[in-house]
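[1] Sequence and predicted model, in that order:
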There are 2 protein chains.
Amino acid sequence: MGADIRVPRVPGCAHRYTRMVSDEQILDLTQSSADITRQLCNIESVSGNETRLADAIETAMTGYGHLEIIRDGDCVVARTNLGRAQRVIIAGHIDTVPVNNNLPVRAESVEGDDYLWGRGTVDMKAGVAVQLKLACELVSPTVDITWIWYDHEEVAAHLNGLGRLAANRPDLFQGDFAILGEPSNAGIEGGCNGNVRVELRTRGVQSHSARSWVGENAIHKVGQIVSTLAEYTPRQVEVDGLVYREGLNAVGITGGIAGNVIPDECMVHVNYRFAPNRTADEAIEHLRELFPAAELTVVDRAEGARPGLDAPLALDFVAAVGREPQPKYGWTDVARFSQMGIPAVNYGPGDPLKAHADDERVSIADIRECERGLRDWLLG
Amino acid sequence: MGADIRVPRVPGCAHRYTRMVSDEQILDLTQSSADITRQLCNIESVSGNETRLADAIETAMTGYGHLEIIRDGDCVVARTNLGRAQRVIIAGHIDTVPVNNNLPVRAESVEGDDYLWGRGTVDMKAGVAVQLKLACELVSPTVDITWIWYDHEEVAAHLNGLGRLAANRPDLFQGDFAILGEPSNAGIEGGCNGNVRVELRTRGVQSHSARSWVGENAIHKVGQIVSTLAEYTPRQVEVDGLVYREGLNAVGITGGIAGNVIPDECMVHVNYRFAPNRTADEAIEHLRELFPAAELTVVDRAEGARPGLDAPLALDFVAAVGREPQPKYGWTDVARFSQMGIPAVNYGPGDPLKAHADDERVSIADIRECERGLRDWLLG
């Protein structure tokens, strides 16, 4: 807390006034980032239901003179216009996967460490809490900042709020570097693997199973596909100094018509997570080579992102965080920034392995560490 | 047509009278067996909806002095009590699989042969038509006959009308030989293969597909099961002079949770049709030996039936039909008779490969030939 910290102009009582006439939720950003995390999580915002939380964020942000507020659907943008030489985009999604009896948030202590337990704590309201707190406190950062809190990240790519904003307001995506608050154990995770999903189909000829020799069993033909998957050794690829670990997996298999019918079709749904030195086209070509006998249909494709750690701002950020950067395995929206030519990294509290888990929980130490790292860097 | 043929006592006009007060359907059994087939088919009787047809059969049968009529649910029994030395059971189911725009029946000519096209023509209203016609015409057969027309054959075994009748009226299942009118191209098909279905499961550990090395992919483990199925050479087994062809097939496969999750379970649904020299227990044991690594759950089991062609009545029947008997591959209710100690064969018009087909159709020559074969035998 220092000269850069400003007390919010909108006091709590003003909020209480509006509360009388609507079910508007109140965010108190003067609390600690851990407490803000709890507030954010307890405003349930499963994808498609982000409006109340977006409203609360917009209301809480309004009144800070150093911030210009822009609203697009359930996405809230707050940016400084200080005329700095460089601009950084710092973003986080405000939606979560479905709640599963894991709200409201509760405090937990595990082996002496304090946690906030509940849906969204890791993915990624703790990251958003840190960003909201710093957005209002950092009145005079060393760079201009465009803060983006967006909707619909946990669902189909075409609904993604960051993608929509990029289409509606490309002017907001001017920046020299971007940070996405996805959980990364409060360390920097650079880039991300790419992601393609394909359906591999085998065909046969239907018949009654009592006279199976009349037909041709499509399920019996997936043996080669499954064996190839089981025997495949995923690559570990160094890209810009970080080692990316790939994965090639069946994530679904389906075939069969009835208990007495020889099936004429079987489908294996395959997910390939590939290192960011390979394009999605190259990844798909690799799958065609691995499974030459199958019909291949691409059902999803997303490019990876190189780490982006050679940007000057990134080097400063790495120094401020003070820990060795790691590769990001999962696909995140850093790939969108990467495709727009903006180097981007993931940096947020929480263990990614706890994202979407029913026992999702974030370490309070992680939240504090993230706030410290970002603050130190943004204050120079 | 000869001395054994009796003109029905119930004339058409009597039926017309009842028609005024109900939606009762009229069966005219004085017509040819092909025409009776058409009448039977046009009274739709998908499993569970047999009442109208059972009523029509009961009404048409009532009034023949040589027949005792018994009704059990939608099953109609008609039997002679002539004090003959031997008794034969002749049975057919009156239900069909669902209609699929293939009613009403129409006449078709294919490569010069005349057919009746439509649901039920093959499976098995043509067989029932022959039986109904002979039931009322054969006043003085050489053996006593128990005719059984029953419901619910095309659905789960526990609903089967023949099974229900055997439980309710075991006294009706006294017989030296049984004929089931299932389609057999107007030849004798002896016995039937047994039938078991099992679910084979593999297990793994769920994880996010971006970090697949944390999990264990259950789909990747079905490779051994599928390869074993693909490489398996089904037996061809001679039983009582007939060669039974077996079949071992995946009839379903399912696994997967979401496009980004490593699945922790995969299930292969396997159908084993086995020759009647093997019991269902032995068949299941064979599957356990083939798939030692999988969890095996038995979901259906039905014993096969030996051909039963060494019975003296069977030898006479084979001579009357005048064609070499063949094995029956599909499971039929002959197995129920076999288990009750009554030798039983399948004998009916129509190609079994057209049963349940959308272009189901029966050759009129087959219907006539079946009527001739049964009549010749029953008149000695």
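    Arrived safely, thanks for sending. Numbering: from 1, shown residues only, chains lettered A, B, ... in the order given.

[2] CA only for contacts and neighbour counts going forward, please
    Fine.

[3] which regions of chain A sit below the pLDDT cut-off?
    Within chain A, the segments meeting pLDDT under 70 span A:1-24.

[4] Try it again at 50.
    For chain A, residues meeting the criterion pLDDT under 50 lie at A:1-22.

[5] In the helix of greatest length in it, which residues are buried?
    In chain A, assigned by DSSP state H, the helix with the most residues is helix A:364-378. Neighbour-count burial for helix A:364-378, counted by 16 or more other Cα atoms under 10 Å in any protein chain shown, picks out A:364-375, A:377-378.

[6] elements contacting it?
    Counting contacts by 3 or more Cα pairs under 8 Å, 6 or more residues apart in numbering or on different chains; DSSP states H and E, helix A:364-378 is packed against helix A:33-42, strand A:113-117, helix A:126-137, helix A:312-321.

[7] In CSV, list these along with mean neighbour count and distance to residue A:179.
    Formatted as CSV, the helices and strands packed on helix A:364-378 follow (neighbours: other Cα atoms under 10 Å in any protein chain shown; distance: least, Cα to Cα, whole Å):
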stretch, mean neighbour count, distance to residue A:179
helix A:33-42, 23, 18
strand A:113-117, 19, 23
helix A:126-137, 26, 10
helix A:312-321, 17, 9
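
[8] Kindly state which of the ones you listed is positioned closest to residue B:54.
    With Cα to Cα as the measure, helix A:33-42 is the member of the helices and strands packed on helix A:364-378 nearest residue B:54 (63.7 Å).

[9] Pull out the CA atoms of the helix or strand just after that closest one and give them to me as PDB.
    Per DSSP states H and E, helix A:33-42 leads on to helix A:51-61 as the next helix or strand towards the C-terminus. Extracted as PDB, the C-alpha positions of helix A:51-61 are listed here (Å, rounded to 0.1, in the frame of the first residue of the first chain):
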ATOM      1  CA  THR A  51     -24.500 -10.600 -16.000                       C
ATOM      2  CA  ARG A  52     -24.800 -10.100 -12.200                       C
ATOM      3  CA  LEU A  53     -21.100 -10.400 -11.700                       C
ATOM      4  CA  ALA A  54     -20.300  -8.200 -14.700                       C
ATOM      5  CA  ASP A  55     -22.700  -5.600 -13.300                       C
ATOM      6  CA  ALA A  56     -21.100  -5.800  -9.900                       C
ATOM      7  CA  ILE A  57     -17.600  -5.300 -11.400                       C
ATOM      8  CA  GLU A  58     -18.700  -2.400 -13.600                       C
ATOM      9  CA  THR A  59     -20.400  -0.700 -10.700                       C
ATOM     10  CA  ALA A  60     -17.400  -1.200  -8.400                       C
ATOM     11  CA  MET A  61     -15.000   0.100 -11.100                       C
END
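
[10] Can you name the residues of the stretch 151-300 of chain A sitting close to chain B?
    A:197, A:208-213, A:217, A:219-224, A:226-227, A:229-230, A:247, A:249-263, A:269, A:271, A:273 (Cα under 8 Å from any Cα of the partner chain).

[11] Please list only the buried members of those.
    Burial by neighbour count, judged by 16+ other Cα under 10 Å, picks out A:197, A:208-212, A:217, A:219-224, A:226-227, A:229-230, A:247, A:249-256, A:259-263, A:269, A:271, A:273 from these.

[12] So which of these sit within strands?
    A:197, A:208, A:247, A:249-256, A:261-262, A:269, A:271, A:273 (DSSP state E).

[13] residue nearest the centroid of chain A?
    Geometric centre of chain A, nearest residue: residue A:332, 4.5 Å, by Cα atoms, centre = their mean.

[14] residues contacting it?
    A:182, A:192 (Cα atoms under 8 Å, 6 or more residues apart in numbering or on different chains).

[15] does it count as helix, strand or coil?
    coil (DSSP: H, G, I helix; E, B strand; the rest coil).

[16] and the gap between it and chain B?
    11 Å (Cα to the nearest Cα, to the nearest Å).

[17] Kindly report the same for residue A:200.
    Here residue A:200 is placed at a distance of 14 Å from chain B (Cα to the nearest Cα).

[18] which residues does that residue contact?
    Residue A:200 sits next to A:267, A:268, A:269, A:270, A:294, A:295, A:296, A:297 when contact means Cα under 8 Å, 6+ apart.

[19] To which secondary structure element is residue A:179 assigned?
    Per DSSP H and E: strand A:177-180 holds residue A:179.

[20] Which residues outside that strand are in contact with it?
    With contacts defined as Cα under 8 Å, 6+ apart, strand A:177-180 is touched by A:87-92, A:311, A:313-314, A:333-334, A:337, A:342-348.

[21] Residue A:174 - how many residues pack around it?
    Using other Cα atoms under 10 Å in any protein chain shown, residue A:174 has 16 other residues around it.
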